[in-house]
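Enquirer: Show me how the following folds:
(2 chains)
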Amino acid sequence: MASEVLAKPQMRGLLARRLRIHMVGAFLVSLGVAALYKFAVAEPRKKAYADFYKNYSPEKDFEEMKKAGIFRSIK
Amino acid sequence: MLSRAAWILMLRKGGRGRREMHSPEAPARGEGKMPPYANWYAQRSYPMPEEPFCTELSAEQQALKEKEKGSWTQLSHAEKVALYRLQYHQTFAEMNRRSNEWKTVMGCVFFFCGFTALLIWWQRVYVYPPKPITLTDEWKAQQLQRMLDMKVNPVHGLASHWDYEKKEWKK
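Expert: Okay, the predicted model is just below:
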């Protein structure tokens, strides 16, 4: 048995404290994940498509495909 | 749960002496009920067995049991331990001790996985029919060339990795 007296531990409000911490944490984590997805996945994807179509010419593409011989109705 | 081999070893080593002292089972049945079906068996999920471990007590042990009916403050530490050992087969530390059974289990699992691999290999060599024409290398090369000509997935996918000027894969 300890000879000195221990401090009285926290007796009340434990669940409320836990809920507060986790509420804030969950909010921050979900915001963080959403931001991460937007800037790591969504924005690069949009940029890739924009870059692809900036100098895209469907006629040129069609001529290349026709020359490669994949069409059945056009030679 | 200990494996059967470990249990047999344990019974041979230390259990034999105690077993003679407690079980009133008829000897004609051999050793009587084995744990975990014996009435004195306890485990972490079933900690209060039906019967005490030792039911046939010597005179000295009976005297101790009489003393137990009085005030427990008069019992010495050794007597309390002796009473515990009469009542229970093992302490919680003893019954919950870890074992090496997992090594045997994992070894047998891997062994049979390997055996199954041998069976599947034999099956591949002697049972499977020849590959269809679409899986031959020549056909697959022609298929890939056609996909590149069609510019499949030109933004992120297959055709985006092909350099159409140099006619090779992009580095």
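
Enquirer: Contacts for stretch B:81-96 next, please.
Expert: Outside stretch B:81-96, the residues within contact range by Cβ atoms under 8 Å, 6 or more residues apart in numbering or on different chains are B:18, B:35, B:40-44, B:47, B:49, B:52-54, B:57, B:61, B:64-65, B:68, B:75. No exception for glycine: its C-beta is placed from N, CA and C like everyone else's.

Enquirer: From B:Trp72, how far off is B:Leu57?
Expert: 19 Å (Cβ to Cβ, to the nearest Å).

Enquirer: Name only those of the contacts of stretch B:81-96 that count as buried.
Expert: The neighbour-count criterion (16 or more other Cβ atoms under 10 Å in any protein chain shown) marks B:35, B:40-42, B:49, B:52-54, B:61, B:64, B:68, B:75 among the contacts of stretch B:81-96 as buried.

Enquirer: can you count the residues close to the residue in chain A positioned nearest to chain B?
Expert: Among residues of chain A, the one nearest chain B by Cβ to the nearest Cβ turns out to be A:Ala68. It sits 3.6 Å away. Around A:Ala68 sit 14 other residues, with neighbours defined as other Cβ atoms under 10 Å in any protein chain shown.

Enquirer: tell me the contacts of it?
Expert: A:Ala68 touches B:Asp149, counting by Cβ under 8 Å, 6+ apart.

Enquirer: Okay, it and B:Val125: tell me how far apart.
Expert: With distances defined as Cβ to Cβ, the gap from A:Ala68 to B:Val125 amounts to 40 Å.

Enquirer: cool, B:Gln142 as well?
Expert: Taking Cβ to Cβ, one finds B:Gln142 at 28 Å from B:Val125.

Enquirer: In terms of packing, which of these two has more residues around it?
Expert: With neighbours defined as other Cβ under 10 Å, B:Gln142 and B:Val125 compare such that B:Gln142 has more, 11 against 8.

Enquirer: Please identify which helix or strand holds that one.
Expert: helix B:137-149 (DSSP states H and E).

Enquirer: Could you list the buried residues of that helix?
Expert: B:147-149.

Enquirer: Closest one of the residues you listed to chain A?
Expert: Out of the buried residues of helix B:137-149, the one with the shortest distance to chain A is B:Asp149. That distance is 3.6 Å, counting by Cβ to the nearest Cβ.

Enquirer: Around chain B, pick out the residues from chain A.
Expert: Selection of chain A residues close to chain B by Cβ under 8 Å from any Cβ of the partner chain yields A:45, A:48-49, A:52, A:61, A:64-65, A:68-70.

Enquirer: Spatially, which two of these are the most separated?
Expert: When those are compared pair by pair using Cβ to Cβ, the two farthest from each other are A:Arg45 and A:Gly69, 32.1 Å apart.

Enquirer: Among the buried ones among the contacts of stretch B:81-96, which ones are in helices?
Expert: Among those, the members falling in helices (DSSP state H) are B:61, B:64, B:68.

Enquirer: Pull up the per-residue confidence for A:Lys75.
Expert: We note a pLDDT of 81 for A:Lys75 in this prediction.

Enquirer: Ok, B:Val127 next?
Expert: At B:Val127, the pLDDT recorded in the model is 97.

Enquirer: so which strand or helix has B:Thr121?
Expert: One correction, residue B:121 is Trp, not Thr. If you go by DSSP H and E, B:Trp121 is part of helix B:101-126.

Enquirer: show me where chain A has helices.
Expert: A:14-37, A:43-54, A:58-68.

Enquirer: Just put those helices in CSV and tack on mean pLDDT and distance to B:Lys80.
Expert: Supplementary listing: these in CSV, determined by pLDDT from 0 to 100; distance: least, Cβ to Cβ, whole Å:
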stretch, mean pLDDT, distance to B:Lys80
helix A:14-37, 98, 37
helix A:43-54, 96, 72
helix A:58-68, 94, 91
